[in-house]
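> Sequence unavailable; structure follows:
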Ligand SMILES: O=C(O)CNC(=O)[C@H](CS)NC(=O)CCC(=O)C(=O)O
């Protein structure tokens with residue numbers, strides 16, 4: 001099966017982002033994709049919490065998710081919206097990944113567990129937990145015979161989640177992202193390759209890239225990595241576009257047979 005990641009440069013206005021999404025998903029489908037992953041905050045990359053509140057509503061009845069469902073059906077593909085903010089009852093948002101099947105039905109969703117509260121330099125502080133509530137449940141879903149495990153962006157720094165997904169049967173792990181440029185330059189490839197190697201899983205990472213309408217800059221470099229840690233497809237830089245790769249469970253079996261880390265894992269005591 002052919003899997004695709006689309007790279008986007010989402011702005012603050014959902015209508016324009018959905019138009020860009022439609023064109024990119026159309027291109028991926030034309031090139032034979034059975035599954036398409038989009039980046040974190042595909043539908044709205046907001047300026048701040050106040051602007052987000054104006055455009056992001058609850059999951060139920062959300063018009064952009066409805067448009068994504070229709071797009072999946074039009075092309076007869078699995079369409080995985082890497083993430084979109086959905087309003088929760090307590091006034092916060094979930095940073096939610098939503099998977100649609102080829103008939104337009106919603107198959108699964110995952111709420112980002114690890115929130116990006118980090119000071120990456122003197123001026124550059126992120127407090128995702130001020131606006132978002134973190135999820136508390138790992139999620140897998142079936143894409144044909146393959147099992148997909150879901151992560152979002154900053155989650156990639158937490159190997160325990162990937163280990164748990166692989167042990168729950170995941171053969172491929174989706175990582176939609178809106179990575180910062182300095183942390184992308186320093187960590188993006190090595191973190192994602194490590195997550196593939198240590199779980200013997202495919203990793204598909206769809207990235208936001210470039211300078212966005214909200215003023216943020218993101219790293220781009222969407223990737224598809226095989227279970228041996230080889231990069232099989234990569235976007236050159238930060239421009240919007242599509243990458244594809246043929247993904248199978250045979251490569252997963254082979255990698256896990258050569259290096260059976262999941263089977264060899266042991267429990268151990270730690271000092272108090
Ligand atoms: O807030 C939004 O609107 C969209 N969300 C994001 O951009 C998120 C949270 S700020 N970005 C990351 O998790 C980047 C992580 C990262 O760059 C790293 O781990 O180095």
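Received the coordinates, thanks. Owing to the predicted nature of the structure, the values given are computational and were not obtained by experimental measurement. Numbers count the residues shown, from 1 in each chain.
> going forward, measure contacts and count neighbours with C-alpha atoms only.
Noted.
> Tell me, how many residues neighbour whichever residue of the stretch 151-272 of the chain sits closest to the ligand?
Relative to the ligand, the nearest point of the stretch 151-272 of the chain is residue 179 (3.5 Å; C-alpha to the nearest ligand atom). The local packing of residue 179 (other C-alpha atoms under 10 Å) involves 22 other residues.
> count of residues packed around residue 249?
For residue 249, the neighbour count with other C-alpha under 10 Å is 16.
> Check the one 10 residues further on too.
Residue 259: 15 surrounding residues under other C-alpha under 10 Å.
> For it, report the pLDDT, please.
For residue 259, the pLDDT comes out at 97.
> thinking again about what came up before, surely the residue of the stretch 151-272 of the chain closest to the ligand meets residue 156?
No. Assessed by C-alpha atoms under 8 Å, residue 179 is found out of contact with residue 156, at 10.7 Å.
> who's in contact with the residue positioned nearest the centre of the chain?
Centroid-nearest residue in the chain, with C-alpha atoms, centre = their mean: residue 176, separated by 1.9 Å. When contacts are counted by C-alpha atoms under 8 Å, 6 or more residues apart in numbering, residue 176 is found next to 37-40, 82-83, 151-153, 204-207.
> how far away is it from residue 268?
33 Å (C-alpha to C-alpha, to the nearest Å).
> Ok, residue 76 next?
Residue 76 sits 47 Å away from residue 268, taking C-alpha to C-alpha as the criterion.
> higher neighbour count, these two?
The neighbour comparison of residue 76 against residue 268 (other C-alpha under 10 Å) goes to residue 76, with 17 against 5.
> wait, what's in contact with that one?
34, 101, 102, 103.
> Can you lay out those residues as TSV showing pLDDT and distance to residue 120?
As requested, those are exported to TSV (pLDDT from 0 to 100; distance: C-alpha to C-alpha, whole Å):
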residue	pLDDT	distance to residue 120
34	98	37
101	98	38
102	98	40
103	98	42
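> Who wins on neighbours among these?
residue 34 (23 neighbours).
> That one touches residue 3, doesn't it?
Yes. Counting by C-alpha under 8 Å, residue 34 touches residue 3, with 5.9 Å between them.
> Would you check which of the contacts of residue 76 are in contact with the ligand?
Here nothing survives when these are matched to the ligand using C-alpha under 6 Å from any ligand atom.
> Among these, which ones are in helices?
With DSSP state H as the criterion, helices contain none of the contacts of residue 76.
> Residue 250 - how many residues pack around it?
Neighbours of residue 250 (other C-alpha under 10 Å): 11.
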